[in-house]
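A.B. asks: Requesting a structural model of the entry that follows:
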Amino acid sequence: MSLDRAVLAFAGVMVLLSVVLTVYVHPLFLWFTVFIGVNMFQSAFTGFCPAAMIFKKLGFRPGTAF
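C.D. replies: Numbering: from 1, shown residues only. Below is the predicted model of the structure:
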C-alpha cells in the first residue's frame, strides 16, 4: 500500500469514527469531524500532513502526493 492510500484510508476511518462518536456518545464530537476536514483541506494546499509523516516513518512506500 502506498503512503497516499494509507493516508486516505486513515482519514476515512477517522471520519467514520467521529460520526459514530457524535451519534452515540456526544454531539460535541462533531468538532472532531471538523478538525479532520480542516486538516484534509489544508494538506491539499500545503502538502503538510502529520499522518503522512507517521506513515512514512512506519515504512510505507512514497506515493505521488506525499
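
A.B. asks: CA atoms for contacts and neighbours, from now on please.
C.D. replies: Noted.

A.B. asks: I'd say Pro62 and Asp4 touch.
C.D. replies: Yes. Under the criterion of CA atoms under 8 Å, Pro62 is in contact with Asp4, at a separation of 7.3 Å.

A.B. asks: Specify which residue of those two has the higher count of neighbours.
C.D. replies: In terms of neighbours (other CA atoms under 10 Å), Asp4 is the more surrounded of Pro62 and Asp4; the figures are 18 against 15.

A.B. asks: which residues does the more buried one contact?
C.D. replies: Ala52, Pro62, Gly63, Thr64, Ala65, Phe66 (CA atoms under 8 Å, 6 or more residues apart in numbering).

A.B. asks: Let's have these in CSV, adding secondary structure.
C.D. replies: As requested, the contacts of Asp4 are exported to CSV (DSSP: H, G, I helix; E, B strand; the rest coil):
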residue, secondary structure
Ala52, helix
Pro62, coil
Gly63, coil
Thr64, coil
Ala65, coil
Phe66, coil
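
A.B. asks: Can you pick out the most distant pair from those?
C.D. replies: When those are compared pair by pair using CA to CA, the farthest-apart members prove to be Ala52 and Thr64, with a separation of 11.9 Å.
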